[in-house]
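Asks: When you get a sec, could you give me coordinates for this:
(one chain, ligands or ions: 1)
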Amino acid sequence: MTDTYAADRAEPSLTVTSDGPGGCPVLHGFEPFEPAQVKDPSAVMAFARREAPVFFHPGLGAYIVSRHADVARVFVDQKTFTQLPFINRPVPEELRELLPDGFVTDAIAPFQDPARHPRVRKLAQVPFIRQNALAAADLVRRVADETIAEFRASGEADLIPAYARRIPMRLMLSILGIDVAHEDDLHRWVAGCMRVFGDPTMTDAEVVELGRDQAEFGRFTLSIIDERRRNPRGEGDFLTDLVNATADGEKGLSDFEVFGVVLLSLIAGGDTTANLIAQLIMRMLDDDGALWRVADADRDVIDTMIEEELRYNNVGRMTLRKVLTDTELDGVAIPAGSMVAMHVWSTGRDESVWQDPDQFDPRRADANKHLAFGKGRHSCMGAMLARVEARQSIEAVLDQLPNARLVPGHEVQRAWGIAVQSVLSGLVVAWDVCAGTTA
Ligand code: HEM
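Replies: Prediction:
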């Protein structure tokens with residue numbers, strides 16, 4: 001496997017000029033889609049934080065904000081900075097009957113709309129608050145053990161597709177009470193939703209095909225929501241709590257809004273948590289398994305390692321906001337209507353917050369000052385769940401794959417989006433298959 005972050009920092013040649021809008025800084029050499037910078041943006045972002053903490057990137061048409069304090073301000077100052085609505089395409093004529101309310105991704109719109117967000121958030125967070133951390137830990141552990149049982153006897157597997165990418169979806173299916181037999185359908189439907197949001201290259205025929213699939217997704221999920229309304233399962237059951245959620249006399253969530261919360265959770269909690277689990281296993285096994293042994297000897301250190309991973313190599317990269325009124329950040333004037341990209345990854349390496357930020361310290365006491373889960377009104381509702389998922393998934397691997405080691409010669413494959421950098425494959429691991437081990 002070749003994937004050591006700190007070891008081969010990209011050292012591009014970087015210069016700052018003042019030829020952005022209104023004479024603001026432009027950082028030449030910041031190329032967020034360039035493979036070396038996708039893999040390791042540490043050098044370029046250290047330069048940015050020092051020399052041009054807020055700069056304009058003509059390619060993205062956005063102001064990039066790199067320091068912890070500035071990004072924290074953008075997250076919480078909702079009067080000046082607002083979430084960008086997801087771009088939904090018009091429904092093609094031949095799908096109008098099938099999708100009368102638009103693509104199912106429209107169900108997420110209330111979360112992007114400042115007027116509607118406070119109500120849906122207040123109601124949607126009821127089941128997240130009611131989730132019991134201990135019960136969630138048991139559930140994740142069961143899902144993790146069952147997943148490992150599928151490949152343990154083979155003695156070798158790529159733990160990204162076989163394990164890390166399976167856990168979040170299987171956990172959500174369990175939480176929602178959906179049979180695991182629908183796992184592949186859900187993966188396909190969620191991937192389709194991501195394409196609706198973000199793939200402008202789709203042909204008309206692809207849009208129609210995807211629309212048909214989305215209609216099936218809508219029917220499937222709405223029938224489960226309807227069933228739960230008719231047969232509630234009691235407090236603590238995620239969907240029951242969601243369909244029955246009340247707050248300060250607010251009108252409860254409609255079926256389509258419940259669907260939006262489910263869809264948002266699948267999107268926001270899938271790739272992110274899968275990457276966290278994969279990245280941490282990768283890091284533990286690197287360097288001849290040094291951190292693997294640390295974690296095995298002291299299981300409580302895993303919680304700190306999870307926070308440190310979120311700080312050191314946050315799975316999220318940039319998060320976008322639209323500027324509502326003329327403002328200023330670090331002396332750079334930003335006019336209303338502009339787009340701001342918070343470089344959340346960069347904030348985890350801010351030297352004004354952490355000592356030796358480019359060192360991964362498995363026992364760093366204040367790693368949790370990171371902004372990986374955002375801050376303010378839109379902060380991650382699934383943070384507790386993500387932490388429990390990562391901890392239990394790592395413990396399951398430690399317990400069940402004795403003497404785990406990386407199989408050399410594999411390269412980690414990545415998919416790069418502006419928001420999240422995903423690992424897809426290449427974490428090939430071998431372990432001892434003990435006599436008496438059952439698969
Ligand atoms: C390592 C894993 C995760 C990371 C790094 C992460 C990160 C984030 C971030 C940064 C935001 C705020 C986005 C913004 O302000 O624009 C967010 C929002 C959200 N996350 Fe997570 N997330 C993770 C896992 C999860 C999980 C497991 C779930 C649910 C099962 C979840 C559900 C949500 C929801 C519903 C929101 C929207 C909140 C709102 O807009 O009010 N996330 N997440």
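Asks: going forward, measure contacts between C-alpha atoms and count neighbours the same way
Replies: OK.
Asks: Buried residues, the lowest-mean-pLDDT helix or strand in the chain. List them.
Replies: Each helix and strand of the chain was given a mean pLDDT (mean pLDDT, DSSP states H and E); the minimum falls on strand 413-416 at a mean of 82. For strand 413-416, the neighbour count (16 or more other CA atoms under 10 Å) marks residue 416 as buried.
Asks: what are the pairing partners of that strand, and which direction each?
Replies: Applying DSSP bridges, strand 413-416 is found paired with strand 421-425 (antiparallel).
Asks: any idea how far the partner strand is from the chain center?
Replies: Remark: strand 421-425 is offset 12 Å from the chain centroid, using CA atoms, centre = their mean, to the nearest Å.
Asks: And stretch 134-152, by the same measure?
Replies: 21 Å.
Asks: near the ligand, which residues of the protein?
Replies: Near the ligand, the residues belonging to the chain are 111, 121, 264-265, 268-269, 272-273, 276, 315-316, 319, 372-374, 377-383, 385-386 when assessed by CA under 6 Å from any ligand atom.
Asks: Give me the below-cutoff pLDDT ranges for the stretch 301-439 of the chain.
Replies: By pLDDT under 70, the low-scoring segments of the stretch 301-439 of the chain are 435-439.
Asks: Kindly report the same for the stretch 1-150 of the chain.
Replies: Flagging of the stretch 1-150 of the chain using pLDDT under 70 yields the residue ranges 1-12, 86-88.
Asks: 50 - rerun?
Replies: Within the stretch 1-150 of the chain, the ranges that satisfy pLDDT under 50 run 1-8, 10.
Asks: At which residues are the strands of it located?
Replies: With DSSP state E, counting those that start in this stretch as the criterion, the stretch 1-150 of the chain has strands at 15-17, 26-28, 54-57, 62-65, 81-83.
Asks: got it, and the stretch 201-350 of the chain?
Replies: For the stretch 201-350 of the chain, the strands defined by DSSP E, counting those that start in this stretch cover 318-323, 327-329, 332-334, 339-343.
Asks: Could you look over the ones you listed and pick the most buried one?
Replies: Counting by mean count of other CA atoms under 10 Å, strand 339-343 has the highest mean neighbour count of the strands of the stretch 201-350 of the chain, with a mean of 25.
Asks: Residues touching it, excluding its own?
Replies: Contacts to strand 339-343, defined as CA atoms under 8 Å, 6 or more residues apart in numbering, come from residues 61-66, 71, 74, 317-323.
Asks: swap in stretch 321-330?
Replies: Residues contacting stretch 321-330 (CA under 8 Å, 6+ apart): 53-54, 70, 79-84, 333-342.
Asks: Centre of the chain to that stretch, how far?
Replies: Relative to its chain's centre, stretch 321-330 lies at 25 Å (CA atoms, centre = their mean).
Asks: do stretch 305-317 as well
Replies: On CA atoms, centre = their mean, the centre of stretch 305-317 falls 11 Å from the chain's centre.
Asks: go on, stretch 229-244?
Replies: So, by CA atoms, centre = their mean, the centroid of stretch 229-244 is 26 Å from its chain's centroid.
Asks: Likewise for stretch 40-60?
Replies: Using CA atoms, centre = their mean, the offset of stretch 40-60 from its chain centre is 22 Å.
Asks: mind checking the end-to-end distance for that stretch?
Replies: Using CA to CA, to the nearest Å, the end-to-end distance of stretch 40-60 comes out at 19 Å.
Asks: In that stretch, which residues are buried?
Replies: 40-49, 52-57.
Asks: and what of stretch 164-182?
Replies: Judged by neighbour count using 16+ other CA under 10 Å, the buried positions of stretch 164-182 are 164-176.
Asks: go on, stretch 379-387?
Replies: 380, 381, 382, 383, 385, 386, 387.
Asks: just checking, the second one touches residue 126?
Replies: Read it as residue 381. No - with contact defined as CA atoms under 8 Å, residue 381 and residue 126 do not form a contacting pair (10.0 Å).
Asks: What separation do you get for residue 393 and the ligand?
Replies: 13 Å (CA to the nearest ligand atom, to the nearest Å).
Asks: Any idea how many residues pack against that residue?
Replies: When neighbours are defined as other CA atoms under 10 Å, residue 393 has 26 of them.
Asks: contacting residues around stretch 412-432?
Replies: 1-3, 33, 38, 155-161, 271-272, 275, 278-279, 282, 315-319, 401-408, 410-411.
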